[in-house]
Structures are given as C-alpha cells and as structure tokens.
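Undergrad: sequence plus predicted model, see below.
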2 protein chains.
Amino acid sequence: MTVDRKQLIVQAAFKSFSLFGYKGTTMEQVAKIAKVGKGTIYTFFQNKEELFNEILHNVIMEMRDVAKSSIDKNRTFFQNLNQVLFKTLEFRRKHELMVRLYHEVKEIGTPAAMDGLKKFESEIRKFIEIQVEKAIERKEIKHCDPEITAFIIFRLYISFVSEWSSLRDELDNEKIAELFQLYLAEGLAM
Amino acid sequence: MTVDRKQLIVQAAFKSFSLFGYKGTTMEQVAKIAKVGKGTIYTFFQNKEELFNEILHNVIMEMRDVAKSSIDKNRTFFQNLNQVLFKTLEFRRKHELMVRLYHEVKEIGTPAAMDGLKKFESEIRKFIEIQVEKAIERKEIKHCDPEITAFIIFRLYISFVSEWSSLRDELDNEKIAELFQLYLAEGLAM
DNA sequence: TTAATGACTAATATGTTCATTCAGTCATTT
DNA sequence: AAATGACTGAATGAACATATTAGTCATTAA
C-alpha cells in the first residue's frame, strides 16, 4: 500500500503553521516536511489559504469537542458556561497554532490569520449560543436573544481575561465566575 | 497689550491636530498657523508630545463637562448611565480631533495618539466609576467594586456600539438601553 | 495512462541607498 | 529678555535592485 499523500501534507502543514505561522510557512516548506513534490499539494488544495483552512477546521472541530465534553448536564447553565469559557481559553493557550495565530495577527496583521481567528471565535460564540437556547428552553434563564447574549458573554469574558489584566491584577477563574454571577445572572438592581 | 503667544499656539495646535492628526502635524505648521517662530513653542512646551497633551487635556475637560451636565438627579442610575454613555459617544463622533485620533490609531498606530485615547477612555471610566459609587451609597444598586463595574459597563457599551455592528445590524440607542436593563440591571437568572 | 514532480514564471516581499522631512537647539535679532 | 528661524542629526520614505515564493505545467516515473 502506498502512503496517503494528503494525510502527509495535512500533518506537515499543521506542523509548519504551528511552528512558523501563516506568513512564515511556505508551500515548499510544507512539501519538504511532507516529503512530496510541491505540485502534489495543489492536487489536493487549490491554494495556500485552502490548505490553511483545512488545518484550522480540524483545530476548530477539536476545540468544539473539548467544549462539548466540558458540559455537565447536572450543573447549572452558569456553571457550565464558566467551564466552557475556561476550557476554550485553555485550548487557545495550549495549542501552539492558536498562540502563533494570535501573535501573528497582533504583530503583522496577516489577513488570512485574522480570518482564521474570526472563524475560531465565531465558533465559540455559536457554541455558547446553543447553550443559551437550551437554557431558555429549560427556563433556567430569562427569554432573550441567544445571539446577542452569546456575544455579550464572549465579549465580557475576553474583557476580563485580556483587557482587565492590562489595567489591574489579572482575575483568576473563580473571580471571573463570581463576576459573571453578579453582573449577568443576578443583575445590579436592588 | 501684546498678543498672548501661548494662547495662539494652543489654538493653532488644536486646529492642526484636529485637521491632520498627531503625526500629520508638524511643529513648523503649528508655528505658522499661530504666526510665531518655531522656537517660541519650545518656551511654553518641552516637546511635541507635551503640546499634544495640553490640547487633549482641554478636550477631556470639555467632555467631562458634557458628561456631568447630562446627569439628572431625578432619573435612575441606569437612565443616567445611558445618557452619559450616549453623550460621550456623541462627543467622540462630533469632535474632529477625536475622530482623527481614532482613525490614526487604527491606521498607523501612532504611540502618542494611542496614549491619548487611553487617557480619554480612562477618564470616561473614572466618571462612570464615580456614578457607580454614588448609586451604591444611595442603595440604588448592589454593593460591588466600582472600578470593575465601570470597566464592564464601558466595555459592554463599546462592544454594542462598535463590535456588534460588524457582525449584525447596528443597535440604536433605545435598544442598547434595553440590553443594559436586561443584562446588567435585572440579570438573566430566573 | 495516470499520478507525482520540481524547474519555471509572474507577482510579491525584502533589503538598500539616498534625498527629504522634521523635532528640537541655539546663535542672532528685535 | 523674549522671540526667532537657520541649523543639525535622526528618522522617514521614495526609488530601485534583489530575493522569495505562490502557483503552473511540461516532463518523469510508476
């Protein structure tokens, strides 16, 4: 049996994008790691961006699985929410590819990398949206627009995790859970 | 009586920064508009950045007055909050200097302009923080950390106004007030 | 006959040189 | 004593040369 060339290319591309980012990865590099001719890549993928999207899609699917498995039906919506947010953050921080992409977007602003991260974040929001819908059905939370709610939850989490820490001491996970409870669940009104 | 040279310089600098931004403004330009020699500027201001800070300080003070006068003691905390947020947004949009600075930060990332906007936003947060403190004293809202609360309110407003509109239809002022009411005031919990 | 390849090309990116611009100084003028 | 603008060194960017690289395709190997 002959080797699966597409598989080799995908693995090589994953390695290279993780190591050098989008811009730093050349098609020749990928071909070399995969030990195939450069032309062979183009029999499976139209161009560099399509190859990148395939890699990213795999990572996003992996992330979705992580988020899914962090849900515990016996816990409350807000408990699960904190778990999901924490797990996806951890995922972002642990996966070399994600770290590289965030860095690349910040430092160079590579359009393909920006698009990739947008997809990634949009997937997280979509996942939260589904949890919100379920929580509404279960009457665990009030009726609200799930999309806006997911958007708010995600923005608020990002604000806590990355923007607040550039103003004051970093907030730990427990503190963030408390804040979500106070502001989003219970509300400020007396 | 001889003309007030410092005043002339400040007016000229305000004009130039508003018209051409920080980077686009040259000290020679300012001198020319003010009809003084370039060296004269340096008898009042150490350098370009200090001149810029003086101009910005004036604008920030003006903004604080606008925010202050939008407060109505007969209204609730959340009503006033919406007024303040709306007025400061309007201020940002109306004042040529602010528009230019936001544009410059986005397009070129001039450090002095970035610092300036940080100061501006920090001032808004500080103002909200004071309103939060008063509302806590008045027992209008629950006890909470005023700084974090102001931070959340501001981030949430920015999210609604500028980030949501790149995903879906822009939210009008009334809708944003509703959202604040639902998410921050009443909370999502059943 | 089909799949794989890598030399090739056009487009883009990067490095280099050099002229211009500009913030800040200071000797001269008012 | 206050004001000025010619001057300086550093930074910027235009213009050109060189190098890289995404994507193609004629050739090769299976």
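TA: Cool, the structure landed.

Undergrad: tell me the spacing between residue A:58 and chain B.
TA: Applying CB to the nearest CB, to the nearest Å, the value for residue A:58 to chain B is 25 Å. (C-beta placed from N, C-alpha, C; glycine too.)

Undergrad: next secondary structure after the host helix or strand of that residue?
TA: Applying DSSP states H and E as the criterion places residue A:58 in helix A:48-69. Elements were assigned by DSSP H and E; along the chain past helix A:48-69, the next helix or strand is helix A:77-94.

Undergrad: so where's chain A uncertain?
TA: By pLDDT under 70, the low-scoring segments of chain A are A:1-2.

Undergrad: who in it is up against chain B?
TA: A:78, A:139-142, A:144, A:147-149, A:151-152, A:155-156, A:159, A:163-164, A:167-168, A:179, A:182-190 (CB under 8 Å from any CB of the partner chain).

Undergrad: which ChimeraX command selects the buried ones in those residues?
TA: Buried members of the residues of chain A next to chain B, defined by 16 or more other CB atoms under 10 Å in any protein chain shown, are picked up in ChimeraX with:
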select /A:78,141,144,147,148,149,151,152,155,156,159,164,179,182,183,184,185,187,188
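
Undergrad: can you tell me which of the residues of chain A next to chain B end up in helices?
TA: Counting by DSSP state H, the residues of chain A next to chain B place A:78, A:147, A:148, A:149, A:151, A:152, A:155, A:156, A:179 in helices.

Undergrad: ok, of these, which one's closest to residue B:39?
TA: Distance to residue B:39 across these (CB to CB) is lowest for residue A:155, with 49.1 Å.

Undergrad: how much space between the closest residue to the closest one other than its chain neighbours and DNA strand C?
TA: Of all residues not flanking residue A:155 in the chain, residue B:159 sits nearest, at 4.2 Å (CB to CB, 6 or more residues apart in numbering or on different chains). Distance, residue B:159 to DNA strand C, by CB to the nearest atom of the strand, to the nearest Å: 32 Å.

Undergrad: same check on residue A:93?
TA: Applying CB to the nearest atom of the strand, the value for residue A:93 to DNA strand C is 27 Å.

Undergrad: residue A:105 too?
TA: Separation of residue A:105 from DNA strand C (CB to the nearest atom of the strand): 15 Å.

Undergrad: what's the residue nearest to residue A:187 when sequence neighbours are not counted sitting at in phi/psi?
TA: Closest residue to residue A:187 apart from its sequence neighbours, by CB to CB, 6+ apart: residue B:187 at 2.8 Å. Reported as degrees, to the nearest 10, the phi and psi values for residue B:187 are phi 90, psi 160.

Undergrad: on that earlier part again, what's the residue nearest to residue A:155 in contact with, if anything?
TA: Residues near residue B:159 by CB atoms under 8 Å, 6 or more residues apart in numbering or on different chains: A:151, A:152, A:155, A:159.

Undergrad: which ones are touching residue A:181?
TA: residue A:78.

Undergrad: repeat that for 10 Å
TA: Counting by CB atoms under 10 Å, 6 or more residues apart in numbering or on different chains, residue A:181 makes contact with A:78, A:79, A:82, B:187, B:189.

Undergrad: just the closest residue of chain A to DNA strand C, please.
TA: Of chain A, the residue with the smallest distance to DNA strand C, taken as CB to the nearest atom of the strand, is residue A:39 at 1.9 Å.

Undergrad: isn't that residue right up against residue A:9?
TA: No: counting by CB atoms under 10 Å, residue A:39 stays clear of residue A:9, with 11.5 Å between them.

Undergrad: who has more neighbours, those two?
TA: Between residue A:39 and residue A:9, counted using other CB atoms under 10 Å in any protein chain shown, the more crowded position is residue A:9 (25 against 9).

Undergrad: could you check how far the residue nearest to that one when sequence neighbours are not counted is from chain B?
TA: Nearest non-adjacent residue to residue A:9, counting by CB to CB, 6+ apart: residue A:34, 4.7 Å away. Residue A:34 sits 37 Å away from chain B, going by CB to the nearest CB.

Undergrad: report how many residues lie close to residue A:70.
TA: Residues lying near residue A:70 (other CB under 10 Å) number 17.

Undergrad: and residue A:124, how far from residue A:155?
TA: Using CB to CB, to the nearest Å, we find residue A:124 at a distance of 11 Å from residue A:155.

Undergrad: contacts only, for the residue nearest the centre of chain A.
TA: For chain A, the residue nearest the mean C-alpha position is residue A:120 (4.1 Å; CA atoms, centre = their mean). Residues counted as contacts of residue A:120 (CB under 10 Å, 6+ apart) are A:56, A:59, A:60, A:63, A:88, A:91, A:92, A:98, A:101, A:102.
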